[in-house]
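>>> Coordinates for the following, if possible.
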Amino acid sequence: MSIKTKLALGMTTIAVGATAAIGGTFAYFSDQTTSTNKFTNGTIKIAPSSPYIEQVELTHFKPGDKLSALVTNQDPSITLNNQGTLPFNVFMKVNASSQNPDSSASDMEKLIKVNVLAFGGSDILGSIDANADGDNSYVSLYDLHQATQGDATINNNTISGVGKNIGQLAQSGAAGAIKTVTYELEFVDTGAPQNQYQGDITDFSIEFNALQLDGTTYDKDNLNDTTPGSGGGTFNNTGVY
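Okay, the predicted model is just below:
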């Protein structure tokens, strides 16, 4: 074999090697299949938003007066609506403070008795500690404030300052997606002169936080094949959150 022929063969070998490296071609029998999957995140949306939630401003409040919000959509009762695709826990946080006309601190919130407190018809009042204000004869607005300053735990993580868990709302469109907070507040008449409270102002707010449920493990027990027995079906978690 001549030198010229040897050089030509060597160059051919190099060219083929380069082609294989660049093109990535297969030199053997093969096949391929793909499982295509998708995660669509759920949504959490609590309504109404702040501008539309019921608010109250009472003047001339006196011992014996009551604020009664017991009838859905006809008084200051608060209706909450889940407009998202995920059920969630509802946490309530009450902030309350009072002051005298001269802007000094007052303890007027300790004289506002909570007669009724319920969510979706279920009593919440029974789970409120009634001695934060030193008087365990009734739950006061002060007691309610103290009892709803807590934290929540989701997936072993602590969420600070969200309040007290009062229940759940189901996903939008399901039974239990709409529930009402009903309540009644009373200015306690102690039977003794209460002139020191004349002109006092009590501010209180009710904050609601919607937090997801704990994470779910999806497996054979809660995934459904939409085409059973046919093979190659799509598994979904309809009705499981």
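
>>> Where does F91 sit, in terms of helix or strand?
If you go by DSSP states H and E, F91 is part of strand 88-99.

>>> actually Y28, not the one I typed
Using DSSP H and E, Y28 is not contained in any helix or strand.

>>> hmm, who's touching the helix or strand hosting N115?
Assigned by DSSP H and E, N115 belongs to strand 112-119. Strand 112-119 is contacted from outside by 66, 70, 90, 92, 96, 123-125, 128, 138-144, 166-167, 179-188, 202, using CB atoms under 8 Å, 6 or more residues apart in numbering. All C-beta spots, glycine's among them, are computed from the backbone N, C-alpha and C.

>>> Of the residues you listed, which belong to strands?
Among the contacts of strand 112-119, the members falling in strands (DSSP state E) are 66, 90, 92, 96, 123, 166-167, 179-187, 202.

>>> Next, the angle from the strand holding F91 to strand 112-119.
If you take axes from the mean of the first three to the mean of the last three CA atoms, to 10 degrees, strand 88-99 sits at 170 degrees to strand 112-119.

>>> Name every strand pairing with the helix or strand just after strand 88-99 and say which way it goes.
Using DSSP H and E, the helix or strand that follows strand 88-99 in sequence is strand 105-106. Sheet pairing of strand 105-106 (DSSP bridges) gives strand 88-99 (antiparallel).

>>> angle of the strand it pairs with against strand 178-187?
20 degrees.

>>> tell me which residues of strand 88-99 are tucked away?
Residues of strand 88-99 classed as buried: 88-94, 96-98 (neighbour count, 16 or more other CB atoms under 10 Å).

>>> G233 and D225, how far apart?
Per CB to CB, to the nearest Å, G233 is found 4 Å from D225.

>>> And the ones in strands among the contacts of strand 112-119, which of them are buried?
90, 92, 96, 166-167, 179-187, 202.
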